[in-house]
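Novice: got a predicted structure here, sequence first:
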Amino acid sequence: MDQDQLIKYVTGNLGEDEAKDVRSWIRADEANKNEFIRLKNIHAFASEGKQKLTLEDDFLELNQKIDHKPKSNIQLITRQYLKYAAILIAALFIGFSVSEIRYRFTSDQTTELYNEYYSPEGQISEFKLADGTRVWLNSGTRIKVPMNFDSKHRILFMEGEAFFEVAKDPKNPFYVHTIELSVKVMGTSFNVSAYQSDINSEVTLINGQVGIKERYGQRLAMLLPGQQLVYDKTTGKKLKREVDTSPYEAWRDGKMIFKDRSLEYIAERLERWYNVEIEFNCPEISQLKFTGTILKNKPLSQVLEAITLTDPVRFEIKVNTDQKNQVLLYSLKNKTKMKE
C-alpha cells in the first residue's frame, strides 16, 4: 500500500473511493491490519498527548512507545513522515490554531457565499474573525461565516459548541444563529452549545449581556453574567438559571469539569473528545452520577480506569479499521459481549 494513501486514510484526508481501496488492503492480510492499527494508535496517542510538540519529536517518542524499535529505524520512519506535515498537523497537534480547522467555500439556497470552519471530533480549535472576535470550537463543531462579514456586518451560523470573546462595538451588534436560537451581543464572552444530537441548546454568559430569541419566533431571555438559558428543542420550553460558569470555559483549555452528572452525559462528551462510540449494556449504568475533572491530554483508557474506581463499572475497547473505535461500559453483574 502506498504510504501516502495509508497516512491520509488514518488522518481522515482520503476520498471515499481511495478509502475503499485502503480498507480492502487492511482486510487482505494480518500484517496489513497490524500496520494500520499501529498507525492509528500513533494518531490516537498523539491526539491525547502533549499540548505542544514538534512533528519529528512527536513521532520519535510515539514510535518508541509503540514499537520499541532502535532509534535509527525510528528516525528513518520519521523522515518519511515529515513530508506529510501539512496533512498530519491537524491530526497530531492539540494546539489551538487555525491550522486545525477545515476550511472551504460553500453556499446555501441563496446566492450568498460563506467561509465554513470545522473542528473535527477529537480536536479543539481557535481562530479570530475579521472584527477581532476570538472563537473557540469544541469537537465536532462547524461555523459558517458570510463572505461579507466585517466590523459592520457581524453574523454567523453554528452547529456544535463554541466559545466567543466578541470584540466590543455598541453600534454594530454581533449575532450567533443556531438552528433553534438567535443570540445578539455587543461585546461579550459567552458559550453556546447546540449539537444536533443533544436534547437541549444552552447559552451561558460569562460577562457582558446577551439577548436570546427563538430563531423564527419569540424573545426568550436577557442574560446577565453567571446566567444560562436552557432551551428544550423538542418542547420549546426554556429554563433560565444561575450556574457555575467554569465548566463552560474550561473545555477551551482541554478540561471537562462536571458535577453530579450522569455517565450518559459524560459519555456523549467523551465520544466527541476522543472520536469514539460508547455503548452501555444496561440503562442503570448510564444514570450513575459522577463529579470530577477530565483532562483531554490524558488517554481515554486512563479516563475510563478512573471511572471504574468509583463505581462497579468496567470497560472494553474494540479497535475498528473502517469506523470509529468502540467502547462498551458494562456492569460486572450484567456483562454482555461487545457486538462484532
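Specialist: Ah, there it is. Numbers count the residues shown, from 1 in each chain.

Novice: and Gly122, what is it in contact with?
Specialist: 47, 139, 272-275 (C-beta atoms under 8 Å, 6 or more residues apart in numbering). Yep, even glycine has a C-beta here, placed from its N, CA and C like the rest.

Novice: buried residues in stretch 310-319?
Specialist: Judged by neighbour count using 16 or more other C-beta atoms under 10 Å, the buried positions of stretch 310-319 are 313-315.

Novice: without its sequence neighbours, what residue ends up closest to the residue most central in space within the chain?
Specialist: Nearest residue to the geometric centre of the chain (C-alpha atoms, centre = their mean): Ser139, 1.2 Å. Using C-beta to C-beta, 6 or more residues apart in numbering and skipping the chain neighbours, the partner closest in space to Ser139 is Arg272 (4.0 Å).

Novice: for my notes, confirm that neighbour occurs in a helix.
Specialist: Yes - the assignment for Arg272 by DSSP: H, G, I helix; E, B strand; the rest coil puts it in a helix.

Novice: what's the nearest residue to Thr188 once chain neighbours are set aside in contact with, if anything?
Specialist: Leaving aside its sequence neighbours, Thr188 sits nearest to Gly208 (C-beta to C-beta, 6+ apart; 2.9 Å). The neighbours of Gly208, taking C-beta under 8 Å, 6+ apart as the test, are 166, 185-190, 225.

Novice: then whatever helix or strand Val183 lives in to CSV, C-alphas only?
Specialist: Using DSSP states H and E, Val183 maps to strand 181-185. Extracted C-alpha coordinates of strand 181-185, given in CSV (Å, rounded to 0.1, in the frame of the first residue of the first chain):
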residue,chain,number,x,y,z
LEU,A,181,-31.8,30.2,18.6
SER,A,182,-30.6,33.6,17.7
VAL,A,183,-28.1,35.3,20.2
LYS,A,184,-27.5,39.1,20.0
VAL,A,185,-24.4,40.6,21.7
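
Novice: list the contacts of the helix or strand that comes right after that strand.
Specialist: Scanning forward in sequence from strand 181-185 by DSSP H and E, the next helix or strand is strand 189-194. With C-beta under 8 Å, 6+ apart as the test, strand 189-194 has contacts from 158-166, 176, 178-181, 183, 201-208, 210, 223, 245, 248-249.

Novice: again with stretch 226-235
Specialist: With C-beta under 8 Å, 6+ apart as the criterion, stretch 226-235 contacts 180-181, 198-205, 212, 220-221, 223, 237-243, 245, 248.

Novice: so how far does it reach from one end to the other?
Specialist: Counting by C-alpha to C-alpha, to the nearest Å, you get 25 Å between the two ends of stretch 226-235.

Novice: from the buried residues of stretch 310-319, which is closest to Glu35?
Specialist: Distance to Glu35 across the buried residues of stretch 310-319 (C-beta to C-beta) is lowest for Phe315, with 26.0 Å.
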